[in-house]
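>>> Turn this into a model:
(one chain, ligands or ions: 1)
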Amino acid sequence: MLNLIALDGPSGVGKSTTAKRVAAALKWDYMDTGAMYRAVTLAFQRADVSLNDRSGVERILASVGYEQRGTSYFLNGEDVSDAIRAPEVTKNVSAVSADPRVRTLLVELQRNLGQIGNWIVDGRDIGTVVFPQAICKIFLAASPEARAQRRFLELQAKGLSTSFEEVLADQARRDHLDSTRDLSPLRKANDAVLLDSSDLSLEEVVEKIVQIYRALPQVL
Ligand code: DC
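Numbering: from 1, shown residues only. Model prediction:
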């Protein structure tokens with residue numbers, strides 16, 4: 001058993017906000033695996049390399065230096081925290097994250113990072129593939145409308161012009177890709193607790209996760 005919280009769930013369910021708050025409550029570190037897939041997607045875009053270009057993909061993956069410092073994300077030394085949230089990256093990240101070469105590299109990076117310290121890790125395959133031995137696994141769910149509404153308000157607050165229908169449609173497309181891909185599809189681990197956040201506040205979700213973790217036998 002590994003003293004780690006694995007937090008999985010679909011896009012827009014509030015995993016990263018929740019994970020940051022749980023990490024603060026427990027004084028743990030937070031690993032955002034979606035940010036890693038986004039950083040690699042950005043690296044491909046910047047180099048104008050497509051997934052069909054075998055040697056290009058190998059070159060990019062061999063040269064990607066990724067680092068998380070606090071809540072900032074660095075690609076080869078450059079702070080890309082904002083760039084990895086750009087709509088263009090969001091559009092392409094599902095395809096990049098379905099690629100076995102990308103997943104092999106990033107899963108290894110995630111496992112190495114997770115060796116030292118106490119982590120809450122969010123993603124899609126954390127409880128099923130990356131850290132199946134995690135002591136605490138949560139699958140966070142919410143209705144598609146509730147998720148799209150949150151994402152829509154976030155984008156509006158950032159001044160990006162989009163409609164609720166567009167956000168809902170894009171989310172449905174990503175959900176489909178993430179849950180039907182061959183490799184590590186989004187799926188609740190058998191031993192994960194299902195937590196539906198549709199009618200819960202952020203504080204309530206955080207509190208529930210902390211309670212679930214604290215009720216477990218402690219791993220030393
Ligand atoms: O959580 P997010 O929206 O930042 O994730 C970006 C993409 O990366 C999303 O399409 C799913 C993918 N992803 C993944 O395949 N495995 C993970 N552990 C985390 C994210």
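>>> what does this protein put close to the ligand?
Residues of the chain lying close to the ligand (Cβ under 6 Å from any ligand atom) are 11, 33-34, 37-38, 93-94, 97, 123-126, 174, 178. Yep, even glycine has a C-beta here, placed from its N, CA and C like the rest.
>>> Just among the residues you listed, which is most surrounded?
For these, the largest number of neighbours (other Cβ atoms under 10 Å) sits with residue 126, at 32 neighbours.
>>> Could you find the closest non-adjacent residue to that one?
Distances taken as Cβ to Cβ, 6 or more residues apart in numbering place residue 6 nearest to residue 126, at 3.9 Å, with adjacent residues excluded.
>>> List the contacts of the one you found.
121, 126, 127, 130, 131, 134, 136, 137, 138, 189, 192 (Cβ atoms under 8 Å, 6 or more residues apart in numbering).
>>> Please repeat the previous calculation with a cut-off of 6 Å.
121, 126, 127, 131, 134, 137 (Cβ atoms under 6 Å, 6 or more residues apart in numbering).
>>> same check, this time on residue 155
Taking Cβ under 6 Å, 6+ apart as the test, what residue 155 contacts is residue 162.
>>> Quick check on it: phi, psi?
phi -70, psi -40 (degrees, to the nearest 10).
>>> Check the one 5 residues further on too.
Backbone torsions for residue 160, taken as degrees, to the nearest 10, come to phi -90, psi 130.
>>> Quick one: neighbours of the closest residue to it other than its chain neighbours, just the number.
Spatially, and ignoring its direct neighbours in sequence, residue 160 is nearest to residue 87 (7.2 Å; Cβ to Cβ, 6+ apart). For residue 87, the count of nearby residues is 11 (other Cβ under 10 Å).
>>> Assign residue 43 to helix, strand or coil.
helix (DSSP: H, G, I helix; E, B strand; the rest coil).
>>> What separation is there between it and residue 184?
Using Cβ to Cβ, to the nearest Å, residue 43 is found at 20 Å from residue 184.
>>> show me the contacts for residue 37.
Contacts of residue 37 (Cβ under 6 Å, 6+ apart): 93, 97.
>>> Next step: the residues of the chain next to the ligand restricted to strands.
In strands, judged by DSSP state E, the following of the residues of the chain next to the ligand are found: residue 123.
>>> got the residues of the chain next to the ligand as a markdown table, with distance to residue 156 columns?
Formatted as a markdown table, the residues of the chain next to the ligand follow (distance: Cβ to Cβ, whole Å):
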| residue | distance to residue 156 |
| --- | --- |
| 11 | 17 |
| 33 | 26 |
| 34 | 21 |
| 37 | 25 |
| 38 | 21 |
| 93 | 21 |
| 94 | 23 |
| 97 | 26 |
| 123 | 26 |
| 124 | 26 |
| 125 | 30 |
| 126 | 30 |
| 174 | 19 |
| 178 | 24 |
